[in-house]
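Colleague: below are the sequence and a predicted model for it; my questions follow.
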Amino acid sequence: MRLPKLIVILGPTASGKTELAVKLAKKLGAEIVSADSRQIYKEMNIGTAKPTKKELKDIPYHLIDIIKPNQDFNVALYKNLAVKKIKNIQKRKKIPFLVGGTGLYIKAVVDNLDFPKVIPDKKLREKLEKKTKKELFKIYKKLDSLGSKFIDKKNKRRLVRAIEVCKLTGESFWKRRKKEKPIFDVLEIGLKISKKELKEKIRKRTEKMFQSGLEKEAKKLYKKYGWIHSLQTIGYQEFKEYFEGKTTKEKLKELIKLHTLQFTKRQMTWFKKDKKIHWIKNWEEAENLINNFLSKKSQF
């Protein structure tokens, strides 16, 4: 059976993957489905580096601005939405690009992961939310030693969900995620960038965020929603001490840059596990890979 084709463009935060995807989509008549676990939130625009209409150049960009910051969301919900969007794009005879840096979101679609269907336990979540990431990881490690080797220990939401599933089912969260038969014929393209260049891009991006009004956006969000989970993420979480008068703006900026750089290292650790990714340095290499991929019949 020939499977419909899907092109994935991935890379660490600030590497330029969205810019690359837009350029290729413009040339190939493609549409983009976002694989970013922060850009799904409405109102969180500057701190998540959400692409502007001008940057998108009229290219349809799906699955950004889909929920409010105080609404629950998880990778299982994302996968269902992403698959529907991709199939809809294919139905309209367009090429779908899955673009982003959230490794688990990409893996969920590419490997057709089936996630545990466990209803959230509000009381348990409230109890876990009060704990630090370090404390949560320690709890999870005791419950699921295998999963602890793979989970992002800096991702509080994922740790809370993993503990929740373990406690409610008595089983390993990691083992309950199953690979089903593939639903797409996938080409994965990774944007390769040197550490030095990435560091400079992060510096410029952070400065641009502040110039665009990041402080005002963060203040508005905190005032409206409080210290909720979605705001405990890079670009927003660092403002807590600043608003409390415990740090300076310059130190705040440096902290965001540092946390972003640390996050890109974790992203690359995840991506390096996937040997199917074709790492490229420029859009010409990507275009050649895509043209060859589209001209070939599906391998399934």
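Modeller: It's in. Residues are numbered from 1 along each chain as shown.
Colleague: please make it C-alpha for all contacts and neighbour counts, starting now.
Modeller: Noted.
Colleague: got a list of contacts for stretch 234-246?
Modeller: If you take C-alpha atoms under 8 Å, 6 or more residues apart in numbering as the criterion, stretch 234-246 is touched by 47-48, 215, 218, 231, 247-249, 252, 255-256, 259-260.
Colleague: run the last query once more with 6 Å
Modeller: Gly47, Leu231, Ile256 (C-alpha atoms under 6 Å, 6 or more residues apart in numbering).
Colleague: can you give me the domain assignment for this protein?
Modeller: 116-176, 195-263 (automatic domain parsing).
Colleague: check those domains for me: which has the lowest mean pLDDT.
Modeller: Least confidently modelled of the domains of the chain is domain 116-176, at a mean of 86 by mean pLDDT.
Colleague: from the contacts of stretch 234-246, which is closest to Lys195?
Modeller: Ile256 (16.8 Å; C-alpha to C-alpha).
Colleague: count the residues that sit near the closest one.
Modeller: 20 (other C-alpha atoms under 10 Å).
Colleague: just the strands in the stretch 151-300 of the chain please.
Modeller: 178-179, 185-191, 278-280 (DSSP state E, counting those that start in this stretch).
Colleague: figure out which of those strands is closest to Gln71.
Modeller: If you check each of the strands of the stretch 151-300 of the chain against Gln71 by C-alpha to C-alpha, strand 178-179 wins as the nearest, at 26.1 Å.
Colleague: off-centre distance for the closest one?
Modeller: A distance of 20 Å separates the centroid of the chain from that of strand 178-179, by C-alpha atoms, centre = their mean, to the nearest Å.
Colleague: name every strand pairing with it and say which way it goes.
Modeller: Note on strand 178-179: by DSSP bridges, its sheet partners are strand 113-114 (antiparallel).
Colleague: and the next helix or strand after the partner strand, which residues are buried?
Modeller: Sequence-wise, the next helix or strand downstream of strand 113-114 (DSSP states H and E) is helix 122-129. For helix 122-129, burial by neighbour count (16 or more other C-alpha atoms under 10 Å) applies to Leu128, Glu129.
Colleague: could you point out the helix or strand that follows helix 122-129?
Modeller: Downstream of helix 122-129 (by DSSP H and E), the next one is helix 133-143.
Colleague: chain center to that following helix, what's the gap?
Modeller: 22 Å.
Colleague: and the angle from it to helix 122-129?
Modeller: Using axes from the mean of the first three to the mean of the last three C-alpha atoms, to 10 degrees, the inter-axis angle of helix 133-143 relative to helix 122-129 is 120 degrees.
Colleague: quick revisit: and the strands of the stretch 151-300 of the chain as a markdown table, adding mean pLDDT?
Modeller: Below are the strands of the stretch 151-300 of the chain laid out as a markdown table (pLDDT from 0 to 100):
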| stretch | mean pLDDT |
| --- | --- |
| strand 178-179 | 74 |
| strand 185-191 | 97 |
| strand 278-280 | 97 |
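Colleague: for Ser148, find the nearest of the ones you listed.
Modeller: When the strands of the stretch 151-300 of the chain are compared (using C-alpha to C-alpha), the closest one is strand 178-179, at 16.8 Å.
Colleague: can you name the residues in contact with the closest one?
Modeller: Asp111, Asn112, Leu113, Asp114.
Colleague: among these, which ones are buried?
Modeller: Buried members of these, counted by 16+ other C-alpha under 10 Å: Asp111, Asn112, Leu113.
Colleague: tell me which stretches of this structure form helices.
Modeller: 17-28, 53-56, 75-91, 103-110, 122-129, 133-143, 156-169, 173-176, 195-211, 214-225, 239-243, 249-271, 283-295 (DSSP state H).
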